[in-house]
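Visitor: Provided below for reference: sequence and predicted model.
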Amino acid sequence: MIPAIMDDDGVHHHLAAQSASAPLLPETINLVEGPRRPPARPKRPSTVFPAIAWTAVLLLLLFGLVVYRPWRDDGGQQASVARLGDQVVVEVAASRGVAQGVSEKSTGPALLGGGAYEWTNAMLAWQRTAFHFQSEKNWMNDPNGPLYYKGWYHLFYQWNPEGPVWGNISWGHAVSRDLVHWLHLPVAMAPDHWYDVNGVWSGSATQLPDGRIVMLYTGSTADGAQVQVLAEPADPSDPLLRRWAKSGSNPVLLPPPGIAPTDFRDPTTAWLNPGNSAWRVAIGSKNRDRAGLALVYRTEDFARYDLLPAPLHAVEGTGMWECVDFFPVSAAESGDVGLETSAPPGPGVRHVLKASLDDDRHDYYAIGTYDAGSDRWTPDDAAVDVGIGLRYDYGKFYASKTFYDPVRRRRVLWGWVGESDSERADILKGWSSLQSIPRTVLLDRKTGSNLLQWPVVEVENLRMRGKRFDGLAVQPGSVVPLDVDKATQLDIEAVFHVDVDASAAATASVAGAGESYNCSASAGAAGRGLLGPFGLLVLADEALSEQTAVYFYLAMGADGRPSTHFCQDAFRSSRANDLVKAVYGSFVPVLDREDLSVRILVDHSIVESFAQGGRTCITSRVYPTKAIYDSARVFLFNNATGVTVTAKSIKIWELNSAYIRPYLNSL
């Protein structure tokens, strides 16, 4: 069929079919030695400072005429920023997150070797996103205490007010009417007491039945011990919650016997136990044998707590559990709504336990049963328990947090999306990290074994001009350009059909039938198999020298049945060499007679993808140097060797900016 433009008014206009004359993706030659990254681009010799100019610079240094500004936080992180003529030189000291008892929050300054890339101001400015939440400037990490209060959604987040690397951790604060258009507010909580002088770390909000809000967070003391701190709104009548009062009873919890002082952090939202009407709070930890666990405390007033005899759950060998989250999901036939955190266990209710693993910096979850009598949780399948099974996201996504939205009766998930570039680049641009698009979370009732994550519906309000392409047959080894005007802020929905039955007979006789596939260990989109990879190339330049591939790969088993893998390849996302470039992904469940579907959100330096309605999700940070501004393109590709893929439907919308800005009293 002929592709069509889909205008804002919904009218479809036929277009001439586009030629599939774009160059093919490169084929990987040596698969025996494993995946190979493209060679690092050699650093171009500078033409700014020839030898005679460097002599002059040295003379200026002797006379103290070179501008030098050290930036240092009170914990020891130091970055020296020197300006030599028109060139900025940045030296970054090693990050010290681990020394402070939290996970490493930074990426080394030379990630792939080969020196620092010569970023231009235009490249760095383009990396700032248009509709993902990020701070106005400086470092940001974990989302904290999200809630809805008197007409406003609130997001708090770990923030360094002093610079773009981890340190001086306070709570930034923003509000929104719709989870998309955010307004920055002043710092909500700062490290100003002995119990949080080394940082106001992660925590959660609990809204009590009478409307009272209690906030529990981890404070880091002067000695580095992790303690739990209680705070409440200083003015509950203020819907913006601009001022917070820390309790005179703080700290309300200290590390219990047998738990190291630096292994006790990140309290959950509290839930009400239906048996005795007392509240429960879980806190992440590990024991001396490296079993990750969630301690459970009982409280009636949030000032006094009793540690329960057994943890909520523990998994051997998983190490420190950070940012634990615990919440119910509906398993009922009408389970398309979220459940309030204190919804009691029972028929039609399952409970999700999630932990952020400090050892590998990924967020794992499992679905199971909560026994309110014993305050224990049991996974449905121990083989995919917390830390050894399912992940929220198979890319750059960590320290996530959910909350219940009473307005739309949904559970909403946030995740911290860190950088994959160097700290040097972050210092040059003056900011670091994003928050993911907020996602609704539901139990997948079709499989019963995984969650579905999907961008909140309000994101669709940003859609502007759209185009639709129907019935495109993509031959093996071909690339098809898609005519999209502005390809840096996109919402893409695509449905693919592969006639696997026609290929099964040929597959059975091919050497290697029964193959296994691993996205992260593969050659990415450049590798070629009988039934994949195929999908879309986003943030690509015209010559495909830069591209981020979002694709499916079908691995045919010896029984003639395929297993489907969903991957995101950033190997060729940028010419820069001071980046982490990886292929992310995992298996995605596909039921009988289901076509393959994907939704992709593209926002400058972030690509978030959701396969099969959100069964498997991947987030990547990418930093193109050519595929930016008006040079960004979108392509459809099929790098399989033995099957034609039909793109049944591709819808692409350009997205407006969310215009995230400071709050003004005049609003």
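Guide: Arrived safely, thanks for sending. This structure is a prediction, so every number in the text was calculated from the model and none was measured.
Visitor: dump the residue contacts of the spatially closest residue to D142 that is not a sequence neighbour.
Guide: With CB to CB, 6 or more residues apart in numbering as the measure, A399 is the residue that lies nearest to D142, at 3.9 Å, once sequence neighbours are left out. C-beta coordinates here come from the backbone N, C-alpha and C atoms, glycine included. Shown in contact with A399 (CB atoms under 8 Å, 6 or more residues apart in numbering): N141, D142, P143, S202, E322, C323, S356, D363, G415, W416.
Visitor: just F156 next, same as before
Guide: F156 makes contact with P143, N144, G145, P146, W171, G172, H173, A188, M189 under the criterion CB under 8 Å, 6+ apart.
Visitor: Ramachandran coordinates for the second one?
Guide: Yep, that's N144 we're talking about. phi -130, psi 150 (degrees, to the nearest 10).
Visitor: hang on, isn't it packed against W171?
Guide: Yes. The criterion here is CB atoms under 8 Å, and N144 meets it with W171 at 6.2 Å.
Visitor: more neighbours, those two?
Guide: Taking other CB atoms under 10 Å, N144 and W171 do not tie; N144 has more neighbours (31 against 23).
Visitor: what sits opposite that one in the beta ladder?
Guide: F156 (DSSP bridges).
Visitor: what's the nearest residue to A540 if we skip its chain neighbours?
Guide: A540's closest residue in space is Q547 (CB to CB, 6+ apart), at 3.8 Å.
Visitor: The one you found against V634, yeah?
Guide: No. In this structure, Q547 is not within contact of V634 by CB under 8 Å, at 9.9 Å.
Visitor: Could you name every residue contacting both of those two?
Guide: What both Q547 and V634 touch, as defined by CB under 8 Å, 6+ apart, is the set L537, V538, A540.
Visitor: And the residues you listed, which is closest to G613?
Guide: Ranked by distance to G613 (CB to CB), those are led by V538 at 19.8 Å.
Visitor: Please give me every residue in contact with that closest one.
Guide: V538 sits next to A487, L490, I492, Q547, T548, V550, I600, V602, V607, A632, V634 when contact means CB under 8 Å, 6+ apart.
Visitor: repeat that for 7 Å
Guide: With contact set as CB atoms under 7 Å, 6 or more residues apart in numbering, V538 has these partners: T548, V550, I600, V602, V607, V634.
Visitor: Give me the three-state assignment for the fourth one.
Guide: Yep, that's V602 we're talking about. Three-state call for V602 (DSSP: H, G, I helix; E, B strand; the rest coil): strand.
Visitor: Now F552. Nearest residue, chain neighbours left out?
Guide: Nearest-residue entry for F552: L596, 5.3 Å, with adjacent residues in sequence omitted and distances by CB to CB, 6+ apart.
Visitor: Run through the residues that contact the one you found.
Guide: With contact set as CB under 7 Å, 6+ apart, L596 has these partners: F496, V498, F552, T564, V590.
Visitor: and which of the contacts of V538 is nearest T616?
Guide: The closest of those, once distances to T616 are taken by CB to CB, is V550, at 11.6 Å.
Visitor: Report the beta-bridge partners for that closest one.
Guide: The partner residues for V550, given DSSP bridges, come to L536, Q568.
Visitor: Pretty sure it sits against L539.
Guide: No. Checked against CB atoms under 7 Å, the pair V550 and L539 is beyond contact range at 10.3 Å.
Visitor: and D426, that's in a helix?
Guide: Yes. Assessed with three-state DSSP, D426 lies in a helix.
Visitor: How about it, nearest residue that isn't a chain neighbour?
Guide: Using CB to CB, 6+ apart, the closest residue to D426 is S432 (4.1 Å).
Visitor: same deal with W279?
Guide: In space, and not counting its chain neighbours, W279 is closest to A270: 4.4 Å by CB to CB, 6+ apart.
Visitor: How much space separates that neighbour from L155?
Guide: Remark: distance between A270 and L155 (CB to CB, to the nearest Å) = 19 Å.
Visitor: can you check Q568 too?
Guide: Counting by CB to CB - Q568 and L155 are separated by 26 Å.
Visitor: okay, the two: which has more neighbours?
Guide: Q568 (31 against 23).
Visitor: dump the residue contacts of the more buried one.
Guide: G395, V550, Y584, G585, V607, S609, I618, S620.
Visitor: what do you get if the cut-off is 8 Å, keeping everything else the same?
Guide: By CB under 8 Å, 6+ apart, the contact list for Q568 reads 395, 519, 548-551, 583-585, 607, 609, 618, 620.
Visitor: now it: how far from V598?
Guide: Distance from Q568 to V598, counting by CB to CB: 10 Å.
Visitor: Identify the contacts common to these two.
Guide: Taking CB under 8 Å, 6+ apart as the criterion, Q568 and V598 both touch V550, S609.
Visitor: Could you pull up the contacting residues of the residue nearest in space to the middle of the chain?
Guide: Nearest residue to the geometric centre of the chain (CA atoms, centre = their mean): F397, 2.9 Å. Residues near F397 by CB under 8 Å, 6+ apart: H362, D363, G415, W416, V417, S436, C617, T619.
Visitor: same deal with W321?
Guide: G284, S285, K286, G292, L293, A294, A355, S356, L357, D358, V386, G387.
Visitor: cool, V412 as well?
Guide: P146, L179, G338, T402, F403, Y404, D405, P438, R439, T440, V441, V456.
Visitor: go on, S520?
Guide: Contact partners of S520, counting by CB under 8 Å, 6+ apart, are A582, V583, Y584, G585.
Visitor: change it to 10 Å
Guide: Each residue near S520 by CB atoms under 10 Å, 6 or more residues apart in numbering is listed here: P35, Y394, C567, A582, V583, Y584, G585, S586.
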